[in-house]
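A.B. asks: quick check, what structure comes out for this input:
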Amino acid sequence: DHVQTSSAQRHGGYHHLFALQPVRRHRGFDVSGFYWIWLTAGLRFAGRTPEPGQGQPASPVARHFNLSSHVCHVVATGVHWRSRARCPRPSKDFPDLIMAKLLSIKDLSVSFGHRTDEVKAVKNISLEIEKGKTVALVGESGSGKSVSALSVMRLLPYPLAHHPSGTILFDGEEITDAGEAKMRDLRGNRISMIFQEPLNSLNPLHSLEKQISEALHLHKRLSPSEARVRVEKLLDLVGMPDAKQRLQALPHQFSGGQQQRIMIAMALANKPELLIADEPTTALDVTIQAQVLKLLKQLTVKLNMGLLLITHDLGIVRRMADYVYVMNDGNVLEENETEALFAAPAHSYTRHLLAAEPSGRPDPVPADAKEVLTGDAIKVWFPIKKGIIRRTVGHIKAVDGITLKMRECHTLGLVGESGSGKSTLGR
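C.D. replies: Numbers count the residues shown, from 1 in each chain. Down below sits the predicted model:
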C-alpha cells in the first residue's frame, strides 16, 4: 500500500526502507508538498550515491538548498526512515534549521514620512537573539537603537512610520505587519519593554498597584488578591522599600530610581520570553544599578529569557552582554561577541566609542565666585493617608532640612542612593 521501493533502495540490502517519491501521489496526497515540514523540523535528509541510471529528479527540498550528491543525492528522495534506528535529529549540514531564534530581524528599515519628507531612521539592519542570551545594541543618541526596539513592539506612530524593507520574526512567527489584536496579546506578556523615561510611561492618575497588576489581570486573569501578592513579590524583587505600605501611592511620589524600578517590575510581571530594556539603569544609583543588572542576568538564565539591552554605557555592555551590535546613523556598523569586540574592534566608529569613555578632572574655578542659588532647610514631605476619609496619619520625608549653595562656574554634585531625595530636591 505504499510506493514501491526503487532498485537504488534494494541495492546493497536496503530493502527495508520505503520511499516518498516527489512526483507520485500516495493515497491522494502529493508528498512533495510536505517539504515545509522537513524545513521546520530541521530533519536530516538521508541518501547515498546512486548506481548508474538510478538517479531521479530532485525534490523541492533539494532544489531549494541546491543539494549535490556528496551531501545528499535525492535518489528515492526526501526522508528515509530506518526501523529501530535513532530518531530524526537536526542536521549539521543545515545549522540555520537546528533552532529557530527567539527574535530575528532581517534587513529592517524604518522611515518616517514619505517622498521628499522621508526620514530614514533605520537602514537595513539585521539582528538575532537566542533564548537565554543577552544582546546589546550600542550607539550614541539618535543612532536608531530605540526606533529599532519600538519596531519589534509595533509602538511607532504608524502609518507615519513605515518599513520600506525587512522582516521581524518572533519565535518563528512574522510580526512585521501584525495586527493590533495580535500585538496586544504579545505586549506585556511574551514581549515586555522597559522604557527609557519612566515618568513618561507611568500613568500619573493610577496607583502603583493598579499599574503593575493591569498586565496580570489582562493576560493571567488573576484575582485582585492573587495580583496583589504577585505585585508585592515583584516590588521586593526589584528592591522597592516599604512596598506594602506604598501600593496606593502615585508615580510622582516616588524618586526617579524608584520609578524605574516600578517599570522593571511591570515588565517582569508575566515572566516574558523577550525583554527589551532601553537604558534600564540610567536613573539608578550604582548600588541599585548593580542589583537590577544582576537580577536581569539571573532572570535571563532562570526563565530562559532573551534580553535586548539598549545602552550607551560600555561598562554595562562588557559585564552583561553575550553579543554586541554597534549602531550609528541608522546602520549596524559592527557586530561580534562581547569579548572579541572589546579586545579588537574592527570598525573605526567602534574604536571611537571605546576611546570616548570619560576621564580626567574638572578645571579649577574661582573660590570667590558669585552665589547664584541658596537653599536653607528645604523640606519636602508627602502625606500618608488612610481610612475612608483619607486622613493623614504620617509623612514620607523625601527631603528633610537640606541647605546648599551654588556659585557661578561651579558644578555641584548631589550623590546618594535611589530614594534618598536627590530628584525631589531638584524638582
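A.B. asks: what's in contact with the one helix or strand Ile310 maps to?
C.D. replies: Ile310 belongs to strand 306-311 when assigned by DSSP states H and E. Contacts of strand 306-311 with the rest of the structure, by Cβ atoms under 8 Å, 6 or more residues apart in numbering, involve 102-103, 129-138, 145-146, 149, 152, 273-281, 296, 300, 316-317, 320-321. Yep, even glycine has a C-beta here, placed from its N, CA and C like the rest.
A.B. asks: what is the mean pLDDT for it?
C.D. replies: In this model, strand 306-311 carries a mean pLDDT of 94.
A.B. asks: that strand pairs with which strands, and in what direction?
C.D. replies: strand 134-138 (parallel), strand 274-278 (parallel) (DSSP bridges).
A.B. asks: centre of the chain to the last one, how far?
C.D. replies: The one in question is strand 274-278. 4 Å (Cα atoms, centre = their mean, to the nearest Å).
A.B. asks: then the first one?
C.D. replies: Here the centre of mass of C-alpha atoms in strand 134-138, compared against the chain's by Cα atoms, centre = their mean, lies 9 Å away.
A.B. asks: buried set for it?
C.D. replies: Thr134, Val135, Ala136, Leu137, Val138 (16 or more other Cβ atoms under 10 Å).
A.B. asks: what's the longest helix along the chain packed up against?
C.D. replies: Counting residues, the longest helix in the chain under DSSP state H turns out to be helix 286-302. Here helix 286-302 touches strand 134-138, helix 256-268, strand 274-278, strand 306-311, helix 314-320, going by 3 or more Cβ pairs under 8 Å, 6 or more residues apart in numbering; DSSP states H and E.
A.B. asks: just send those back as a markdown table, with distance to His347 too.
C.D. replies: Output for those, formatted as a markdown table (distance: least, Cβ to Cβ, whole Å):
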| stretch | distance to His347 |
| --- | --- |
| strand 134-138 | 12 |
| helix 256-268 | 31 |
| strand 274-278 | 23 |
| strand 306-311 | 18 |
| helix 314-320 | 15 |
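A.B. asks: and of these, who's closest to Gly401?
C.D. replies: helix 256-268 (21.1 Å; Cβ to Cβ).
A.B. asks: could you give the angle of the closest one to helix 286-302?
C.D. replies: 10 degrees (axes from the mean of the first three to the mean of the last three Cα atoms, to 10 degrees).
A.B. asks: what's next to helix 256-268, contact-wise?
C.D. replies: 188, 192-195, 198-199, 201-202, 208, 211-212, 215, 231, 234-235, 237-240, 251, 254, 275, 277, 280-285, 288, 292, 295, 299, 417-419, 422-423.
A.B. asks: circling back: in the longest helix of the chain, which residues are buried?
C.D. replies: Ile288, Gln289, Gln291, Val292, Leu293, Leu296, Leu299, Thr300.
A.B. asks: can you check my assumption that Ser165 lies in a helix?
C.D. replies: No. Assessed with DSSP: H, G, I helix; E, B strand; the rest coil, Ser165 is coil; it does not lie in a helix.
A.B. asks: what does it show for phi and psi?
C.D. replies: Reported as degrees, to the nearest 10, the phi and psi values for Ser165 are phi -160, psi 160.
A.B. asks: what about it, distance to Gly179?
C.D. replies: According to Cβ to Cβ, to the nearest Å, Ser165 and Gly179 sit 20 Å apart.
A.B. asks: those two: who's more crowded?
C.D. replies: Per other Cβ atoms under 10 Å, whichever of Ser165 and Gly179 has more neighbours is Ser165, with 13 against 9.
A.B. asks: wait, that one sits on Asp107?
C.D. replies: Yes. Between Ser165 and Asp107 a contact is recorded at 5.4 Å, counting by Cβ atoms under 8 Å.
A.B. asks: between the two, which contacts overlap?
C.D. replies: Common neighbours of Ser165 and Asp107 (Cβ under 8 Å, 6+ apart) are Asn124.
A.B. asks: re earlier: in strands only, show me the contacts of helix 256-268.
C.D. replies: Ser192, Met193, Ile194, Leu275, Ala277 (DSSP state E).
A.B. asks: any idea which of those residues is closest to Glu226?
C.D. replies: For the ones in strands among the contacts of helix 256-268, the nearest to Glu226 is Ser192 (19.6 Å; Cβ to Cβ).
A.B. asks: what sits against that closest one?
C.D. replies: Neighbours of Ser192 in contact, by Cβ under 8 Å, 6+ apart: Met266, Ala267, Leu268, Ala269, Asn270, Pro272, Leu274, Leu275, Ile276.
A.B. asks: okay if I get those residues as a markdown table plus neighbour count, pLDDT and distance to Phe382?
C.D. replies: Below are those laid out as a markdown table (neighbours: other Cβ atoms under 10 Å; pLDDT from 0 to 100; distance: Cβ to Cβ, whole Å):
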| residue | neighbour count | pLDDT | distance to Phe382 |
| --- | --- | --- | --- |
| Met266 | 27 | 91 | 22 |
| Ala267 | 24 | 91 | 26 |
| Leu268 | 22 | 89 | 26 |
| Ala269 | 25 | 90 | 25 |
| Asn270 | 18 | 90 | 30 |
| Pro272 | 23 | 92 | 32 |
| Leu274 | 21 | 96 | 36 |
| Leu275 | 24 | 95 | 31 |
| Ile276 | 26 | 95 | 32 |
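A.B. asks: from those residues, which is closest to Ile384?
C.D. replies: Taking the contacts of Ser192 together and measuring to Ile384 by Cβ to Cβ, the closest member is Met266, at 23.3 Å.
A.B. asks: and that closest one, how far from Asp278?
C.D. replies: From Met266 to Asp278 the distance is 14 Å (Cβ to Cβ).
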